[in-house]
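# Got a sequence here, can you model it:
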Amino acid sequence: MKNIAFIFSRDIRNIITNWAALVIMLGLVMLPSLYAWFNIKASWDPYGNTGDIAIAVANNDKGTTLRGKAINLGNEVINSLKDNHKLGWRFVSEADAMRGVNHGDYYASIIIPESFSATIATVLSDNPTKAEILYYVNEKINAVSPKITSSGASGIIQEVSKNFVKTANGTIFKIFNELGIELQEQLPTIEKVRTLVFRLEKNFPEINQAVKVAIDDIHKTDQLVTAAQKNLPLVTDIAKNGQAFAGGLDTFLSAASGAAKDIGPNVKQDLLLLQQTALSTQQLTSVLKDPNIDPSVVTETLDHVSSRLELGLKVQSQLVDWFDQLNQVTGNRIGFVSTKLRQVEDKMKQQQTLVSSISSAVKKGEKPAADLVDRLNQVSGDTSKILGDIIGRYDSEIQPAILSGLQKAQQTAAKTQTVLNNALKSVPDVQKVLSDASKGLTIGSQKVSEIQKELPAVEAKISELAQRMREFESEGSLQEVIGLLKNNFQLESQFFAEPVVLKENQLYPIPNYGSAMSPFFSTLALWVGATLLVSLVTTEVHDENPYKSYEVYFGRFLTFLTLALLQSICVTTGDMFVLGTYVVDKPWFVVFGLVNSAVFMLMVYTLVSVFGNVGKALAIVMLVLQLAGSGGTFPIQTTPPFFRAIHPFLPFTYGISMMRESVGGIIWSIVRNDLIIMGIFAAITLIVGLALKGIINQLAAGLVKKAKESKLIH
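Numbering: from 1, shown residues only. Next up, the predicted model:
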């Protein structure tokens with residue numbers, strides 16, 4: 001210890017008493033600070049000074065119309081950029097933009113094509129097309145500028161999208177607004193239709209009576225035709241009456257055919273309702289098989305499916321009655337529909353039974369039997385398949401058959417009218433005409449009877465429509481719907497253009513980029529400072545006294561350590577008080593800098609003390625590796641695999657981490673881990689230095705001596 005203290009104290013005395021040495025040492029102490037300060041200041045706020053990065057913008061957009069409204073999104077882009085000072089926008093022609101970006105006058109250029117607005121407006125057409133903005137960048141000028149200009153181009157795209165969504169939505173909501181106003185104006189007419197439906201529902205008994213009277217009239221007409229065949233003079237008068245009646249019958253059948261067409265979509269909707277019921281029952285099985293599902297959800301789903309099955313059976317019963325009656329009109333061409341619907345009834349009753357059994361088990365807290373669930377899934381699938389077959393054939397086969405039957409009856413009535421007309425013109429042929437009329441009236445009687453059978457189904461549909469109107473009125477009036485449609489379309493458009501706003505919360509806010517980079521540049525400066533010291537100050541003691549290797553190692557290290565700590569104090573205090581970098585925990589920033597400086601100096605000093613000039617080269621190699629592998633600038637995850645692999649084994653990794661904690665706000669668990677790792681680095685370095693210094697110095701003595709003889713290597 002005595003020799004170690006002697007070496008250290010003598011070094012300090014020699015520095016103080018030799019003005020040249022003192023000046024050099026002061027320079028070595030200050031140089032790392034300058035290195036750190038210049039780099040930190042140069043990167044103080046690079047992203048806040050992008051206003052002079054020149055980007056050319058050329059607008060060739062000719063505009064278009066959107067639902068009669070003229071728009072030019074290219075001009076909107078230009079106007080928004082004029083208020084955007086984040087980048088240096090230059091508004092020029094396309095030719096100037098391309099020439100400037102090629103020659104480096106502009107970092108990038110953005111060209112808005114002629115069809116820009118027109119292409120975006122295709123969103124309201126059957127073939128929407130995405131619009132393009134042409135972006136050119138000169139990557140030779142600078143490595144970072146393409147990233148900044150690309151960000152600016154992306155911002156333009158976002159602004160265009162936002163403005164267009166606002167414009168398009170404004171148009172759509174304006175249409176809704178106009179629709180609400182139109183509904184308000186047409187409200188009296190709507191009320192009349194409502195009244196008509198309710199009146200039709202109320203008067204259906206009278207309609208049924210009228211059809212019955214029509215059947216009686218046809219029978220009487222037939223009797224009259226028979227009598228006319230016996231009494232020709234009377235036939236003319238009867239033919240005139242028959243002509244008027246046949247015309248009325250034709251009108252009635254035409255109305256019946258129209259009613260069948262109008263009811264058709266409702267019948268198909270009922271078939272789809274039955275199919276949806278089967279599908280919902282089938283989907284229930286997946287819920288039952290899920291072991292993690294909430295029992296209350298299962299119970300609620302079972303009750304919902306059970307109610308749907310009950311409603312489906314009612315709808316199915318009505319459909320069977322309706323198709324049975326229509327089958328007679330079509331000449332038994334759609335008899336298969338009633339057959340399949342009865343199969344559906346049987347399947348749905350099976351589903352009811354299975355759902356009831358499963359529901360009982362679930363409510364008892366038991367798990368339903370797997371065979372019941374599988375059987376329910378199979379029966380539901382069979383039901384859906386049968387209904388799918390009926391729905392698939394409805395438009396192409398079933399409804400045409402119904403309309404064909406009614407058309408046939410209508411044609412018969414028309415023929416009757418023609419025959420009666422001819423009878424009036426040609427009395428000699430009246431006998432034959434009356435014979436044909438008698439046959440036609442017989443057919444007409446049958447068809448009207450069939451229509452009479454269909455009327456209950458039509459009456460049920462009218463009643464159902466009236467009931468739905470009552471339910472709609474009970475849930476909310478038409479005035480409320482009109483009120484929603486008449487909302488402020490401009491406010492709604494603005495909302496849908498930007499429905500979500502990012503609210504940023506900074507956990508550890510650092511006001512500028514320079515302060516955020518100060519941990520990296522300060523740590524780097526301390527390693528550079530250590531390297532400068534070993535480059536200019538010798539690690540060996542040139543003395544006649546025979547010192548032991550560890551005495552030389554520690555004695556001279558204390559000198560280096562003193563200078564390194566002074567370097568650290570200059571760097572850290574200068575960062576805060578000369579540059580004004582942001583630091584939350586200023587005292588700890590200084591302390592962590594001293595720790596880094598001590599460990600770095602120990603490592604660099606040991607390399608040079610043990611390996612001589614080779615150690616200096618190794619210190620430079622470590623510096624280079626740590627620049628890329630420490631994650632000081634870019635996240636380590638963005639670097640190649642080699643640097644990610646060495647990242648945990650580099651002193652910079654933990655030194656920078658400590659400094660960052662003091663800048664942003666300390667989490668002590670992180671700092672403790674960093675200090676432990678830095679202590680391990682120091683311990684390993686001491687072991688290597690003490691164990692190898694004497695051996696390697698002796699082995700390398702001859703090599704060093706020979707190298708010095710070259711007068712090139714000291």
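
# Can you show me the strands along the stretch 51-200 of the chain?
Listed in chain order, the strands found in the stretch 51-200 of the chain under DSSP state E, counting those that start in this stretch are 54-59, 64-66, 69-71, 88-91, 108-112, 134-137.

# The second one - contacts with which helices or strands?
Okay, so that is strand 64-66. Taking 3 or more Cβ pairs under 8 Å, 6 or more residues apart in numbering; DSSP states H and E as contact, the helices and strands that strand 64-66 lies on are strand 69-71, helix 145-185. All C-beta spots, glycine's among them, are computed from the backbone N, C-alpha and C.

# Just the residues contacting stretch 633-641, thanks.
Applying Cβ atoms under 8 Å, 6 or more residues apart in numbering, the set of residues contacting stretch 633-641 from outside is 517, 520, 628-631, 643-644, 647.

# Restricted to buried residues, select those in ChimeraX.
Restricted to buried positions by 16 or more other Cβ atoms under 10 Å, the ChimeraX selection for the contacts of stretch 633-641 reads:
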select :517,520,628,629,630,631,643,647
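
# Select from the contacts of stretch 633-641 every entry located in helices.
Counted as lying in helices by DSSP state H, out of the contacts of stretch 633-641, are 517, 520, 628-629, 643-644.

# any idea which of the helices and strands packed on strand 64-66 scores lowest on pLDDT?
Mean pLDDT is lowest for helix 145-185 among the helices and strands packed on strand 64-66, at a mean of 56.

# so for stretch 625-633, what's the average pLDDT?
pLDDT averaged over stretch 625-633 gives 83.

# List just the nearest of the ones in helices among the contacts of stretch 633-641 to residue 311.
Nearest to residue 311 among the ones in helices among the contacts of stretch 633-641 is residue 644, at 63.1 Å by Cβ to Cβ.

# What distance do you get for the nearest residue to the closest one once chain neighbours are set aside to residue 655?
Spatial nearest neighbour of residue 644, excluding adjacent residues (Cβ to Cβ, 6 or more residues apart in numbering): residue 636 at 5.8 Å. Distance, residue 636 to residue 655, by Cβ to Cβ, to the nearest Å: 15 Å.

# With residue 386 instead?
Distance of residue 386 to residue 655, computed by Cβ to Cβ: 76 Å.

# same question, residue 19
34 Å.

# What of residue 119?
Taking Cβ to Cβ, one finds residue 119 at 54 Å from residue 655.

# Same question for residue 113.
In terms of Cβ to Cβ, residue 113 sits 52 Å off from residue 655.

# Look at these two and report which has more neighbours.
When neighbours are counted by other Cβ atoms under 10 Å, residue 113 and residue 655 differ, and residue 655 comes out ahead with 31 against 19.

# can you pull the contacts of the spatially closest residue to that one that is not a sequence neighbour?
Leaving aside its sequence neighbours, residue 655 sits nearest to residue 596 (Cβ to Cβ, 6+ apart; 4.1 Å). Contacts for residue 596 (Cβ under 8 Å, 6+ apart) come out as 523, 526, 568, 651, 655, 658-659, 678.

# so which of these would you say is closest to residue 26?
Closest approach to residue 26 among the contacts of residue 596 (Cβ to Cβ): residue 568, at 15.0 Å.

# residue contacts, that closest one?
Residue 568 makes contacts with 526, 590, 593-594, 596-597, as judged by Cβ under 8 Å, 6+ apart.

# Let me know the closest of those residues to residue 55.
Closest to residue 55, out of all of those and judged by Cβ to Cβ, is residue 526, at 39.4 Å.

# My reading is that the closest one lies in a helix. Confirm?
Yes - counting by DSSP: H, G, I helix; E, B strand; the rest coil, residue 526 is part of a helix.

# For the closest residue to it other than its chain neighbours, give me phi and psi.
Nearest residue to residue 526, sequence neighbours excluded (Cβ to Cβ, 6+ apart): residue 597, at 4.7 Å. Note on residue 597: its backbone torsions stand at phi -60, psi -40 [degrees, to the nearest 10].

# Pretty sure residue 597 sits against residue 525.
No - counting by Cβ atoms under 8 Å, residue 597 does not reach residue 525; the two are 9.6 Å apart.

# shared neighbours of these two, which are they?
Here residue 597 and residue 525 have residue 567 as joint contacts, going by Cβ under 8 Å, 6+ apart.

# Figure out the length between the terminal residues of stretch 361-374.
15 Å (Cα to Cα, to the nearest Å).

# distance of residue 274 from residue 313?
Counting by Cβ to Cβ, the gap from residue 274 to residue 313 is 9 Å.

# Give the residues shared as contacts by the two.
Contact with both residue 274 and residue 313 is made by residues residue 348, according to Cβ under 8 Å, 6+ apart.

# Now the phi/psi pair for residue 20, please.
Dihedral pair for residue 20: phi -70, psi -40, per degrees, to the nearest 10.

# tell me, how many neighbours does it end up with?
Neighbours of residue 20 (other Cβ under 10 Å): 7.

# before we move on, what about residue 584?
15.

# Looks to me like it is in a helix.
No - Residue 584: not assigned to a helix; according to three-state DSSP it is coil.

# Name the nearest residue to residue 359, ignoring sequence neighbours.
In this structure, residue 359 finds its nearest non-sequential neighbour in residue 302, 4.4 Å apart by Cβ to Cβ, 6+ apart.
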